[in-house]
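In: A predicted structure for the sequence below; I have some questions about it.
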Amino acid sequence: MTACTLASAYLRERLLATFLNILLLSLGVGAIIALILTLTQAEQRMERDTAGIDLVIGAKGSPLQLILSSVFQVDIPTGNIGLEEAATIIALPQVKRAVPLALGDSYKTFPIVGTTPDYLHLYAASVQSGRLWEKPLEAVVGAEVAKATQLRVGQSFAGAHGLGTSGGLANGNNSDAHADHPYQLVGILGTTGTVIDRLVLTSLESIWLIHDHNDEYEDTKKATQETHKGGHEVTAYLIEYATPLAAASFPRRVNASSSMQAAAPAMETARLFALIGVGITTLKVFAAIMMVCAGLGIFIGLMNTLNDRQADLALLRILGASRSTVCLTIMAQGFALGLAGVILGVALGHAGGEWMGFVIGKTHRIPLTGWTWANEEWWIIAAAIGLSMIAALFPAWRAYRDAVPETLNRL
Amino acid sequence: MLIQINHLSAGYLNRKNATMTSVIALDRLDIACGQHTLLLGPSGCGKTTLLNILACLARPITGDVTIDSVRVDLLSEAKRDHFRGQKIGLVMQRLHLIAALTVSDNLLLAQRLAGAAKDHAAHSSDRTNSTNSTNSINVMLEKLGIAHKAKSYPRELSQGEAQRVAIARAVLNKPLLVLADEPTSALDDHHAEAAISLLFEQAEEHGATLIVATHDARIKSRFTHIVQLGQSA
């Protein structure tokens, strides 16, 4: 009690130094927490988006691009594959479920995906209002699309060719590319927290119907393929294995014996994280250094004041305070600085997470929020308070050790 | 008898070779209750060392020290801290107040440090206690003519005012013993007279025995019991 009163009086006496110590610590804590929140949510989102997808089959090209385009819907597709060739692959016994995707169009930057109702099962999505598509040119939209575009069941809208993001394909001036084949919105999906929230879903037939009549907008490759084979195309298949053992032989078989490629989401996301991992580690180390500097700041501050307050501490002993009370006064200052730094840091971190969500959400379409709690935060909190206490330990021990008569002699 | 000292040898610990260096030897010193005493002697005669022993800030090398029937030289350090807080008020030469606290908070702190154990039984009436302490502090500051400085910080006080607050704090807990180390040597005649008068007055009023250690011969006339140090030792 007495120690706390004194500690707070001491901290208030040096308001600027106290404030700077707290600020420094809170910046370190806040940076780490914002980083943790962003990473955790990005990882969780990736996990949810890839859940149930063991393998993706698509046109040859970069496997990472195939995953980014067909699972996360953030890149342009690698190309299309023939339905007939794919049919022989997905008929193999290792395949439990194969969900076809036809990509390439968008509505107001939201990708239009031609698929089957199996795609909804993949993400446990259900229709919240309206119904699922039954005929060509009927479409359902994810919750986020509905919110952003204000589309209602019964309204119609036209898709545009290209992804309208960074694909480089037409968006603005060509936005009514498929105006002669408008979709009719028949249903809106409930929020799932997955990629499906920002998709426009329709049947494969809708995509084929629109593009058969719009050959002038097709790229030459696809157009040639179509005229040569005369069959329909899809962009990718999302495969779920019948048995985990399939992972050993199935992808190799696809890659070796067909014009298609197979990519595993787990492997590609791991590769992606390995690529950006260096940057993340650098940021983490930087934030940790900031925290250690804050600890050092507290240590230096307490050591400095200790020299100035030798007289005060001797006076406390004269008034009947025990060695441990004097020691506690110093420790309480370290603890108070740590606690204040952590409280401010957690607040900053979450505000930072929310801000990152605002910035990243706009450009990368990954919903992030600061208003969640990651378990790792407890570790950061414990570490920051522990660090402040450690910083106070030596000054406290010095104060503990000092004998009053000797101090009085020095004064 | 309030204080009894026998065969005392005291000094300081030499950190280099961990031996005690004796600076004062005192065969016998008795001070009765209410027998205000002056410890007189030149600098370096061991006045402060003796005062530190009496204040339970240091332990003697040899000999025994009894204050209020307690062998304080045998007490553990924590118990001596406690004993000091409750029974002894100290006034130092320059070191008066804690800079980070206001005048009244300085006094409140002294009360709290002393009362930490004393009021254990009366814990339930903490609130009334604290209003009582604030009241007694205000009354005391009023008497010393510094009530208007209650909310001031020590840096806003003159040296004389700070010393008055320190004297107030020394007698605040109604100690048995008020020890003063060179309370007047830094002051001019007029202020020295005022300081020593205040010490006497406050000690009397609170029933404490005053012991002053000084080389300042000006205040010799105020004491009937004078212990001359540094010659006979």
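Out: Yep, it's here. Numbering: from 1, shown residues only, chains lettered A, B, ... in the order given.
In: tell me, what residue is most central in chain B?
Out: For chain B, the residue nearest the mean C-alpha position is B:L90 (1.9 Å; CA atoms, centre = their mean).
In: Those residues of chain B touching chain A, which are they?
Out: Within reach of chain A by CB under 8 Å from any CB of the partner chain, chain B has these residues: B:12-13, B:48-49, B:52, B:55, B:57-58, B:77-78, B:81-82, B:84-86, B:90, B:92, B:94-95, B:97-101, B:105, B:109-110, B:112-114, B:116, B:169. Using the backbone N, CA and C atoms, a C-beta is placed for each residue, glycine as well.
In: Now intersect those residues with the strands, please.
Out: Mapping those onto strands (DSSP state E) picks out B:12-13, B:90.
In: Adding pLDDT, write those out as a markdown table.
Out: Formatted as a markdown table, these follow (pLDDT from 0 to 100):
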| residue | pLDDT |
| --- | --- |
| B:Y12 | 77 |
| B:L13 | 73 |
| B:L90 | 93 |
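In: who touches the residue in chain B that chain A sits nearest to in this structure?
Out: Nearest residue of chain B to chain A, counting by CB to the nearest CB: B:G85, 1.8 Å away. By CB atoms under 8 Å, 6 or more residues apart in numbering or on different chains, B:G85 lies in contact with A:319-321, B:113-114, B:116, B:173.
In: Try it again at 10 Å.
Out: The contact partners of B:G85, by CB atoms under 10 Å, 6 or more residues apart in numbering or on different chains, come to A:317-322, B:56, B:110-118, B:173, B:175.
In: need the helices for chain B, in chain order.
Out: Here chain B has its helices, by DSSP state H, at B:47-54, B:77-87, B:103-118, B:126-143, B:159-172, B:189-205.
In: Contacts only, for the residue lying closest to A:L25 once chain neighbours are set aside.
Out: Distance criterion CB to CB, 6 or more residues apart in numbering or on different chains; nearest residue to A:L25, sequence neighbours excluded, is A:G341 at 3.0 Å. Counting by CB under 10 Å, 6+ apart, A:G341 touches A:21-30, A:291, A:294-295, A:297-298, A:348, A:384-385, A:387-388.
In: How far away from the center of its chain is stretch A:121-130?
Out: Chain-centre distance of stretch A:121-130: 23 Å, with CA atoms, centre = their mean, to the nearest Å.
In: How about stretch B:96-106?
Out: Distance, centroid of stretch B:96-106 to centroid of chain: 17 Å (CA atoms, centre = their mean).
In: again with stretch A:308-323
Out: Its chain's C-alpha centre and that of stretch A:308-323 lie 53 Å apart, by CA atoms, centre = their mean.
In: CA atoms of it as CSV?
Out: Below are the C-alpha coordinates for stretch A:308-323, written out as CSV (Å, rounded to 0.1, in the frame of the first residue of the first chain):
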residue,chain,number,x,y,z
ASP,A,308,18.7,11.0,-7.3
ARG,A,309,16.6,9.3,-4.7
GLN,A,310,19.2,7.8,-2.4
ALA,A,311,18.3,10.4,0.1
ASP,A,312,14.6,9.6,-0.2
LEU,A,313,15.2,5.9,0.2
ALA,A,314,17.3,6.5,3.3
LEU,A,315,14.6,8.8,4.7
LEU,A,316,12.1,6.0,4.2
ARG,A,317,14.2,3.7,6.2
ILE,A,318,14.6,6.4,8.9
LEU,A,319,10.8,6.6,9.1
GLY,A,320,10.6,2.9,9.8
ALA,A,321,10.3,1.4,6.3
SER,A,322,11.9,-2.0,6.0
ARG,A,323,14.4,-2.9,3.4
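In: quick one: the closest residue to A:Y183 other than its chain neighbours from A:L199, how far?
Out: Leaving aside its chain neighbours, A:Y183 sits nearest to A:A139 (4.2 Å; criterion: CB to CB, 6+ apart). Computed as CB to CB, to the nearest Å, the A:A139 to A:L199 distance reads 10 Å.
In: Between those two, which contacts overlap?
Out: By CB under 10 Å, 6+ apart, the residues touching both A:A139 and A:L199 are A:107, A:112-113, A:145.
In: wait, what's in contact with residue 87?
Out: Assuming you mean chain A. Contacts of A:A87 were listed using CB under 10 Å, 6+ apart, and they are A:98, A:231, A:237.
In: that's the other chain; I wanted chain B
Out: A:320, B:56, B:67-68, B:70, B:72, B:114, B:173-177, B:208.
In: From those residues, pick the one nearest A:M260.
Out: Among those, A:G320 lies closest to A:M260 (CB to CB), at 85.3 Å.
In: was I right about that closest one contacting B:K79?
Out: No - assessed by CB atoms under 10 Å, A:G320 is found out of contact with B:K79, at 11.0 Å.
In: Between those two, which contacts overlap?
Out: By CB under 10 Å, 6+ apart, the residues touching both A:G320 and B:K79 are B:C56.
In: which residues does residue 187 contact?
Out: No chain in the question, so chain A it is. Contacts for A:G187 (CB under 10 Å, 6+ apart) come out as A:126-133, A:138-141, A:146, A:153, A:201.
In: switch to chain B, that's the one I care about
Out: Per CB under 10 Å, 6+ apart, neighbours of B:L187: B:93, B:159-160, B:163, B:193-196, B:216, B:218.
In: Need the buried ones from these selected in PyMOL.
Out: Restricted to buried positions by 16 or more other CB atoms under 10 Å in any protein chain shown, the PyMOL selection for the contacts of B:L187 reads:
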select buried, chain B and resi 93+163+194+195+196+216
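In: Let me know the secondary structure of the closest residue to chain B within chain A.
Out: Using CB to the nearest CB, the closest approach of chain A to chain B is made by A:G320 at 1.8 Å. The three-state assignment at A:G320 reads coil, by DSSP: H, G, I helix; E, B strand; the rest coil.
In: what are the phi and psi angles of it?
Out: phi 110, psi 10 (degrees, to the nearest 10).
In: Leaving out the residues flanking it, which one is nearest to it?
Out: B:G85 (1.8 Å).
In: got a list of what residue 28 touches?
Out: All of this refers to chain A. A:286-295, A:341, A:345, A:348-349, A:380, A:383-384, A:387.
In: You answered for a different chain; I wanted chain B.
Out: B:4-8, B:63.
In: Of these - the most surrounded one?
Out: Per-residue neighbour counts (other CB atoms under 10 Å in any protein chain shown) across the contacts of B:R28 peak at B:L8, which has 24 neighbours.
In: I am finished for the moment; much appreciated.
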